[in-house]
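Visitor: Here is a sequence with its predicted model. Questions after.
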Amino acid sequence: MKNVKFAKCVKCGKIYEATPNLTNCSCGGILDIIYDYDYIKSVLTKDKLAQRSDNSMWRYRELLPVEETTEAPPLRVGWSPLYEAGRLAAQLGIKKLYVKDDGVNPTASLKDRASSMAVAKAREAGAKVIACSSTGNAASSLAGNAAAAGLKTYIFVPSRAPKGKVAQLMTFGATVISVQGSYEDTFDLSKQAIDRWGWYNRNAAINLYLSEGKKTVGLEIMEQLNWVVPDYIAISVGDGCTIAGLWKGLKDLYAIGFIDHLPRLISAQASGCCPLNRAIETGEDWHPMEENTLADSIAVGVPRNADKALMAIRESNGLTVNVTDEEIMAAQKLLGRTCGVFGEPAGVTGTAGLKKLCEEGKISPDATVVSVVTGNGLKDVANAIAHCGDPISIPSDMDLLLKAFAENNIVVE
Ligand SMILES: *Cc1c(COP(=O)(O)O)cnc(C)c1O
Ligand SMILES: [Zn+2]
């Protein structure tokens, strides 16, 4: 890989050759890919990018840690739409708002960016089997991307994982182990099994290539905004890989001179499970928390990527915001009504956080903000149905329809 120098431990600074099977540092710290930005600048320009017809995350190959000969995996991941959300911006009282809908990815979440990268690296490693533990989306995403590439998967999910995600897993042909316990229990069992059988490891914060896949969301946002940097990017946070990846992508673009400054991050967590935001707010180390939220994808009491995530929020001079389940479900409806975008609870938590910060007067009215929707609402229909209200239910009778409209104060236009 001409574009990659080496991998470096974020904790102790130890340096490793960037082999496809690399995991954590001997000190336990997480590794980070260090690029040769001079080389990348010599081979990649904005014009070159603009002429590319590859509408997937793989359009940014020069910024990705793969061999030049490695094929992009089959599913089309990334290049999700960035919508200008004028009505929602007006409601929130800010100048400009863009919604990046990552729920349109092949398995319907941003995790596809990491899984596509995992499949590419597993192929480089010559692996036939990939495994991971996940709150749900990383699992279904890995299962789908691996199935398309003809790789076998073993997947560990906590028993609370929503049915939609488990249905995806089973449909994609994964061997699924539903662990009766927390996400941490699930992670522990997957780790033991991976050590025992030597499967390719797609666990967040162990496989350092995953956040390099996730960073493409940041690359895309900036290209879609024609390299005009927004004031804030709001995103939901669980393990911390996503926000760390987003930040890495933005810093890459800054390092190669594609953008002239960096936006501030908004880290949104659920009030019932916000160990990373709490660490920022108190200035202390993070401490484990219970997993008390219906936003299952970010119900992570023991975040696996705390170091990189905290660094990202701090370096960006970011804001933290914690939202209740009610605020999350209200944001789901608000996004649906104003933008036609249906996000799962964790998917809309960034938007819920942005709304709260706007209400608290913490975002200037002339701000430009990007809110990333990280997963599709159909992933978790049970929670959506429980909060979206009931339709008018009547027999096929015009008189009853008129009566129902009157009773519900519906003025027909
Ligand atoms: C995984 C996930 C997140 C958070 O990503 P982390 O890397 O765990 O911080 C947010 N939203 C959705 C829909 C997810 O699946
Ligand atoms: Zn180290």
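Guide: Done, it's in. Ligands and ions are numbered 1, 2, ... in the order given.
Visitor: where along the stretch 151-300 of the chain do the helices fall?
Guide: Using DSSP state H, counting those that start in this stretch, the helices of the stretch 151-300 of the chain run over 163-171, 183-197, 210-214, 216-224, 241-255, 275-282.
Visitor: quick one: the shortest one near ligand 1?
Guide: Going back to what we said before, that points to helix 210-214. No - judged by C-beta under 6 Å from any ligand atom, helix 210-214 stays clear of ligand 1, getting no closer than 7.1 Å. From N, CA and C alone the C-beta is placed, and that goes for glycine too.
Visitor: what residues does the stretch 251-400 of the chain put near ligand 1?
Guide: Residues of the stretch 251-400 of the chain lying near ligand 1 (C-beta under 6 Å from any ligand atom): 297-298, 300, 344, 346-347, 374-375.
Visitor: could you redo the last one with a cut-off of 5 Å?
Guide: Taking C-beta under 5 Å from any ligand atom, the part of the stretch 251-400 of the chain that reaches ligand 1 is made up of 297, 346-347, 374-375.
Visitor: Pipe the helices of the stretch 151-300 of the chain into CSV and attach mean neighbour count, distance to ligand 2 and mean pLDDT per row.
Guide: Formatted as CSV, the helices of the stretch 151-300 of the chain follow (neighbours: other C-beta atoms under 10 Å; distance: least, C-beta to the ion, whole Å; pLDDT from 0 to 100):
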stretch, mean neighbour count, distance to ligand 2, mean pLDDT
helix 163-171, 18, 33, 89
helix 183-197, 17, 18, 92
helix 210-214, 29, 17, 96
helix 216-224, 23, 25, 98
helix 241-255, 25, 16, 98
helix 275-282, 19, 20, 98
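Visitor: Would you convert those helices into TSV that also reports distance to residue 266?
Guide: Converted to TSV, those look like this (distance: least, C-beta to C-beta, whole Å):
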stretch	distance to residue 266
helix 163-171	26
helix 183-197	24
helix 210-214	17
helix 216-224	13
helix 241-255	9
helix 275-282	10
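Visitor: closest one to residue 391 among the ones you listed?
Guide: helix 163-171 (20.5 Å; C-beta to C-beta).
Visitor: check contacts around residue 101.
Guide: Shown in contact with residue 101 (C-beta atoms under 8 Å, 6 or more residues apart in numbering): 80-83, 341, 343, 373.
Visitor: interface residues of the protein facing ligand 2?
Guide: 9, 11-12, 14, 25, 27, 29 (C-beta under 5 Å from the ion).
Visitor: re the thing from before, closest one to residue 46 among the helices of the stretch 151-300 of the chain?
Guide: From the helices of the stretch 151-300 of the chain, taking C-beta to C-beta, the stretch that ends up closest is helix 216-224, at 8.1 Å.
Visitor: sorry, back to before: show the buried residues in the residues of the chain next to ligand 2.
Guide: Among the residues of the chain next to ligand 2, those buried by neighbour count (16 or more other C-beta atoms under 10 Å) are 9, 25, 29.
Visitor: Sort out for me which of those are in strands.
Guide: Those of these mapping onto strands are residue 9, per DSSP state E.
Visitor: Just put the buried ones among the residues of the chain next to ligand 2 in CSV and tack on pLDDT.
Guide: Shown next, in CSV, are these (pLDDT from 0 to 100):
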residue, pLDDT
9, 96
25, 95
29, 93
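Visitor: ok, of the buried ones among the residues of the chain next to ligand 2, which one's closest to residue 146?
Guide: Among these, and counting by C-beta to C-beta, the member closest to residue 146 is residue 25, at 26.6 Å.
Visitor: Setting aside sequence neighbours, what's the nearest residue to that closest one?
Guide: Nearest residue to residue 25 in three dimensions, chain neighbours excluded: residue 9, at 3.7 Å (C-beta to C-beta, 6 or more residues apart in numbering).
Visitor: give me every residue that touches residue 377.
Guide: 103, 332, 336, 342-344, 347, 384.
Visitor: and which of those is nearest residue 189?
Guide: Distances from residue 189 to those, taken by C-beta to C-beta, are shortest for residue 344, at 24.8 Å.
Visitor: Against residue 298, how distant is the closest one?
Guide: 10 Å (C-beta to C-beta, to the nearest Å).
Visitor: May I ask which helix or strand of the protein has the lowest mean pLDDT?
Guide: helix 163-171 (a mean of 89; mean pLDDT, DSSP states H and E).
Visitor: okay, and for the chain, where does confidence drop off?
Guide: Counting by pLDDT under 70, the chain shows no low-confidence range.
Visitor: Just give me the neighbour total for residue 402.
Guide: 11 (other C-beta atoms under 10 Å).
Visitor: same check, this time on residue 311
Guide: Other residues close to residue 311 by other C-beta under 10 Å number 16.
Visitor: next one: residue 291
Guide: There are 22 residues near residue 291, going by other C-beta under 10 Å.
Visitor: try the one 3 residues further on
Guide: The tally of other residues near residue 294 (other C-beta under 10 Å) stands at 21.
Visitor: now it: how far from residue 338?
Guide: 22 Å.
Visitor: before we move on, what about residue 39?
Guide: Taken as C-beta to C-beta, the span from residue 39 to residue 338 is 44 Å.
Visitor: I'd like the C-alpha coordinates of stretch 399-413 written as CSV, please.
Guide: C-alpha atoms of stretch 399-413 as CSV (Å, rounded to 0.1, in the frame of the first residue of the first chain):
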residue,chain,number,x,y,z
ASP,A,399,-70.3,8.2,6.0
LEU,A,400,-68.0,6.6,8.5
LEU,A,401,-65.0,8.3,6.8
LEU,A,402,-66.7,11.8,7.1
LYS,A,403,-67.5,11.0,10.7
ALA,A,404,-64.0,9.9,11.4
PHE,A,405,-62.6,13.1,9.8
ALA,A,406,-64.9,15.2,12.0
GLU,A,407,-64.0,13.3,15.1
ASN,A,408,-60.3,13.7,14.5
ASN,A,409,-60.6,17.4,13.5
ILE,A,410,-59.3,16.7,10.1
VAL,A,411,-60.1,19.6,7.7
VAL,A,412,-60.0,18.1,4.2
GLU,A,413,-58.1,20.2,1.6
